[in-house]
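Peer 1: Sharing a sequence plus its predicted fold:
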Amino acid sequence: MTTPVITIDADARVIDAAEQLSANGITSMPVLDGDGRLVGMISELDILRGRLAHDPRSHLRRDQHDMPDPDKTVRSVMTPVAVCLTEFADVADIAETMVDGDMRAIPIVDGPHILGIVSRRDLLRTLVRSNETIAAEIRARLEGQPGVPEDCAVSVNDGIVTIVGRFQTTSEREVVDALARTVSGVQRVHLKGGH
């Protein structure tokens, strides 16, 4: 999650939103009302829609002069927020929501107030962690935990984790599996060793 979040007021000018997106290298940002509550998102597409005039030398269209002036406030072009998640949302659920809804970013909220934002870029960063970093973090989480066999061997290959241990019960396997899956960058977990 990215914090602090770059936001804009719903009554700000559209050109101010365009400047903020461009200056900060982001593709969308949350829109807040006067009380600081999240009311929408504004994206590059929201800003571009109907805002660029066609070059008359390139088109034979004659209806250009009949088009209304573009809206001037963020409130008039933003997309009302339909999807927000809490800070306890699962990363996989966030990714599925983005893919299914063709979304670039999802606000993370506590009630009506924004805590942060998760973008596609934030999610991609979790996938590019090194195998060594992921393995070290898993080992640290497993070490000394009740219900975890001693001397578990952890290896990682492109986010695919293999843990070899002397598991005595199904419960031990479940604990190790759950702890490993909490590490950022883990895509799958395979447990080897019997009980």
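Peer 2: Nice, thanks for sending it over. From a predicted model like this one, the values you see are computed outputs, not experimental measurements.
Peer 1: Give me the residue at the spatial middle of this structure.
Peer 2: In the chain, the residue lying closest to the centroid (Cα atoms, centre = their mean) is residue 118, at 2.8 Å.
Peer 1: Retrieve the pLDDT associated with the closest residue in space to residue 101 that isn't next to it in sequence.
Peer 2: Nearest residue to residue 101, sequence neighbours excluded (Cβ to Cβ, 6 or more residues apart in numbering): residue 83, at 6.3 Å. Where C-beta positions appear, they are placed from N, C-alpha and C, glycine not excepted. Here, the pLDDT recorded for residue 83 equals 88.
Peer 1: Residue 150 now?
Peer 2: If you check residue 150, the pLDDT there is 84.
Peer 1: Tell me how many other residues crowd it.
Peer 2: For residue 150, the count of nearby residues is 9 (other Cβ atoms under 10 Å).
Peer 1: ok, it to residue 156 distance?
Peer 2: Between residue 150 and residue 156 the computed distance is 20 Å (Cβ to Cβ, to the nearest Å).
Peer 1: With residue 175 instead?
Peer 2: 19 Å.
Peer 1: Could you check which of the two has the larger neighbour count?
Peer 2: Between residue 175 and residue 156, counted using other Cβ under 10 Å, the more crowded position is residue 156 (25 against 18).
Peer 1: For that one, what is the enclosing helix or strand?
Peer 2: strand 153-157 (DSSP states H and E).
Peer 1: Can you tell me what sits against that strand?
Peer 2: The contact list for strand 153-157, computed with Cβ atoms under 8 Å, 6 or more residues apart in numbering, reads 131-132, 134-135, 138-139, 142, 161-165, 180, 186.
Peer 1: which among those end up buried?
Peer 2: The neighbour count (16 or more other Cβ atoms under 10 Å) marks 134, 135, 138, 142, 161, 162, 163, 165, 180, 186 as buried among those.
Peer 1: quick one on the thing from earlier: so what strands line up beside the strand holding residue 156?
Peer 2: Here strand 153-157 is paired, per DSSP bridges, with strand 160-164 (antiparallel).
Peer 1: Looking at whichever helix or strand comes after the strand it pairs with now, give me its mean pLDDT.
Peer 2: Scanning forward in sequence from strand 160-164 by DSSP H and E, the next helix or strand is helix 170-181. The pLDDT scores in helix 170-181 average 93.
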